[in-house]
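model the structure of this input:
(one chain, ligands or ions: 1)
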Amino acid sequence: MIFDDQHYDVIIVGTGAGGGTLAQKLAPTGKRILILERGSQMALGEQNRADVDVFKKERYHAPDQWYDETGEPFSPQTNYAIGGNTKVYNASLMRMRDRDFEAVTYQDGVTPEWPLKYADWDPYYTAAEQLYQVHGDAKADPTEPTHSADYPFPAVGHAPVMQPIVEAIQGKGLSAAPLPMSLTKREDDPTGDAEVFGIDRAIAHQNVTLKANAQVVALHTNPTGTEIKGVQAEVDEQPMLFTADIVVLACGAVNSAALMLISANDQHPHGLANSSDQLGRNLMKHLMTVIVERGAAKNDGKFARSVSINDYYWGDEYYDFPMGHIENSGGLLQDIIFAESPPLLSVLARLLPGFGLKKLATGSIGWWAQTGVLPKAENRIYLKQSRKKKKLRYEFTPNNLEAHDRLVYRWMGVLKELEGSALGMRQSTVYPRGESPIEVVGYQCGTCRMGHDPATSVLDINCRTHEIDNLYVVDSSFFPSCASVGPALTVIANALRVGEHLIERLKA
Ligand SMILES: Cc1cc2nc3c(=O)[nH]c(=O)nc-3n(C[C@H](O)[C@H](O)[C@H](O)COP(=O)(O)OP(=O)(O)OC[C@H]3O[C@@H](n4cnc5c(N)ncnc54)[C@H](O)[C@@H]3O)c2cc1C
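Next up is the predicted model:
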């Protein structure tokens with residue numbers, strides 16, 4: 001093993017929404033910062049998807065194998081690259097609603113209250129929207145919480161194929177609002193991500209070192225287990241050991257928890273900072289269903305997402321529980337989650353035999369229905385010893401299903417009512433739809449819950465582990481519950497918030 005002779009103030013592991021954002025926040029301090037990222041730079045052609053090859057199975061999957069509760073292996077759709085999953089995400093950056101931070105009563109139970117409320121998050125959301133150049137309209141959606149500052153850029157218009165549909169939806173009294181989007185205004189790389197707004201800015205500072213192809217494989221503590229003393233990585237397959245005063249994990253909810261579990265030692269026999277037995281538990285991911293509207297108007301298959309509908313977010317006159325969020329998918333030739341859905345593709349193949357994928361994608365509009373789930377201790381990741389290797393078990397039984405089904409049927413009802421009234425919407429008896437399968441893990445959160453009580457949480461409110469003084473986690477693991485909007489803006493806002501705390505700590 002090679003021992004790096006440099007000692008760092010901070011090591012950040014992972015460069016996605018959490019790690020990339022934190023790196024740019026800490027970079028101006030002048031402190032010695034090392035960033036370790038297991039992936040490398042993603043080619044622009046891979047990021048700017050615009051063809052049917054998005055449907056190639058496994059194209060956007062990690063080289064890992066994870067195992068479901070029956071022990072069946074699957075390769076997760078998660079992106080190991082500089083910028084992490086933000087290099088392939090859809091760049092819609094929404095704030096959680098103010099009530100999402102409270103105890104919310106869903107049909108299947110009550111979510112835990114967050115230790116910090118919307119008013120605490122608001123300034124960090126504003127900073128996150130400014131950093132990621134979010135384009136939106138804070139007044140168009142009645143469920144949008146009050147912003148202390150407006151979006152830094154006005155909302156962009158809808159694609160020609162969407163405009164009449166949006167007007168027809170609004171004509172029904174629904175508030176089809178502009179979807180807040182992170183945009184760079186660069187032609188070669190239009191959507192904003194954690195490489196462009198995070199890592200690129202961080203490494204412009206001399207005190208920041210980025211090592212790509214550097215997979216962290218273990219963390220080592222001091223003999224009493226109170227501090228991380230060494231970060232072991234495979235850098236271009238070469239074993240190396242790094243040291244720092246502070247270590248921040250930002251590997252994504254599954255991989256950060258897995259790294260802490262695999263680093264178990266005599267002082268932390270069940271995984272680092274896991275006396276509570278909460279590490280890896282409360283794994284959540286949104287229930288997501290894509291609904292295909294076979295629009296007659298031709299489109300290019302690559303227009304941006306732009307429409308957000310939250311009229312059913314907290315329920316409706318027939319259902320008194322939260323149902324969730326609807327957004328359009330944008331052009332289907334760039335939507336890699338849509339391309340994942342085998343049930344959907346098989347329905348389409350039955351309905352439209354001989355119909356080419358390109359023709360399908362350019363003659364259709366997709367809608368996503370998204371519903372949050374409740375945290376459950378039994379939904380978790382853990383490591384299972386199998387012969388010489390520890391395998392990553394990913395056990396997730398979806399809950400809150402009725403709310404999601406109701407949302408899907410409610411939206412299909414709206415589409416049905418719109419048939420004929422809006423340009424491009426053809427009469428249809430069937431709306432092909434498909435739920436996202438187990439491989440779709442991009443919206444993962446939970447696994448290292450944040451809270452005041454060390455008996456029921458892994459992280460304190462600064463996202464520091466309760467038990468190891470210099471170990472922090474700033475990816476989506478900290479979420480105590482999972483709202484129906486996408487998680488990325490909250491991960492980014494949290495990284496800025498934790499960054500402020502770390503800057504104070506580094507001054508001491
Ligand atoms: C196709 C897709 C579309 C999405 N669209 C949206 C959207 O429109 N809006 C939204 O809010 N959310 C969206 N999401 C979710 C969003 O991308 C994630 O919530 C967000 O990226 C999570 O940030 P993170 O920091 O937790 O992890 P990631 O962004 O996943 O970053 C983790 C990083 O850690 C690295 N890493 C992992 N393990 C190691 C290790 N051992 N050593 C070193 N490095 C490691 C990875 O390579 C990666 O770079 C989407 C996700 C996907 C996959």
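
for the ligand, what are the nearby residues on the chain?
13-19, 36-39, 80, 84-86, 88-92, 215-216, 250-252, 255, 259, 336-337, 442-443, 475-476, 486-489, 491 (CB under 6 Å from any ligand atom). Every C-beta, even on glycine, is put in place using the N, C-alpha and C of the backbone.

which ones among those map onto strands?
Filtering the residues of the chain next to the ligand for membership in strands, criterion DSSP state E, returns 13, 36, 215-216.

who wins for neighbours among those?
V13 (28 neighbours; other CB atoms under 10 Å).

report the two of the ones in strands among the residues of the chain next to the ligand separated the most.
Greatest spacing in those, by CB to CB: V13 and Q215 (9.2 Å).

mutual contacts of these two, please.
L36 (CB atoms under 8 Å, 6 or more residues apart in numbering).

which outside residues touch stretch 144-159?
So stretch 144-159 is in contact with 95, 97-98, 118, 122-123, 125-126, 129-130, 133-138, 140, 163, 166, 177-178, 180-181, 183, 299, 303-304, 306-307, 310, 330-331, going by CB under 8 Å, 6+ apart.

ok, 6 Å please
With contacts defined as CB atoms under 6 Å, 6 or more residues apart in numbering, stretch 144-159 is touched by 97-98, 118, 122, 126, 129-130, 134-138, 166, 178, 303, 306.

same check, this time on stretch 258-278
218-219, 225, 279, 383, 392, 449, 455, 458, 465, 467-468.

mind redoing it with 8 Å?
Against stretch 258-278 from outside (CB under 8 Å, 6+ apart): 13, 216-221, 223-225, 249, 251, 257, 279-280, 377, 381-383, 390, 392, 448-449, 454-458, 465-468, 471.

quick one: buried residues of it?
Buried residues in stretch 258-278, counting neighbours by 16 or more other CB atoms under 10 Å, are found at 258-261, 263-264, 268, 271-274, 276, 278.

check stretch 60-67 too.
So for stretch 60-67, counting by 16+ other CB under 10 Å, buried means 60-62, 66-67.

just send those residues back as TSV, with pLDDT too.
Output for those, formatted as TSV (pLDDT from 0 to 100):
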residue	pLDDT
Y60	77
H61	81
A62	86
W66	96
Y67	95
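
adding secondary structure, write the residues you listed out as CSV.
Below are those laid out as CSV (DSSP: H, G, I helix; E, B strand; the rest coil):
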residue, secondary structure
Y60, coil
H61, coil
A62, coil
W66, strand
Y67, strand
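
now, the buried residues of stretch 258-278 that are in helices?
258-261 (DSSP state H).

want to throw these into a markdown table with distance to Q24 and pLDDT?
Shown next, in a markdown table, are these (distance: CB to CB, whole Å; pLDDT from 0 to 100):
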| residue | distance to Q24 | pLDDT |
| --- | --- | --- |
| A258 | 26 | 98 |
| L259 | 23 | 98 |
| M260 | 25 | 98 |
| L261 | 29 | 98 |
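
which of the three states applies to Y409?
helix.

list the contacts of L22.
12, 198, 248, 250, 474, 495-496, 498-499, 502.

so is the nearest residue to it once chain neighbours are set aside in a helix, a strand, or just coil?
Take L22 and drop its neighbours on the chain: the residue closest to it by CB to CB, 6 or more residues apart in numbering is A495, 4.3 Å away. Taking three-state DSSP as the rule, one finds A495 in the helix state.

thought A495 was touching G14?
No. Using CB atoms under 8 Å, A495 is not in contact with G14, being 10.8 Å away.

shared neighbours of these two, anything?
With CB under 8 Å, 6+ apart, A495 and G14 have common neighbours A250.

who are the contact partners of the residue of the stretch 1-150 of the chain found nearest the ligand?
In the stretch 1-150 of the chain, the residue that lies nearest the ligand is G16 (2.0 Å; CB to the nearest ligand atom). Contacts for G16 (CB under 8 Å, 6+ apart) come out as 83-86, 194, 250, 252, 475, 491.

in this protein, which residue is most central in space?
Y443 (4.1 Å; CA atoms, centre = their mean).

next, it: phi, psi?
Phi and psi for Y443, reported as degrees, to the nearest 10, are phi -100, psi 20.
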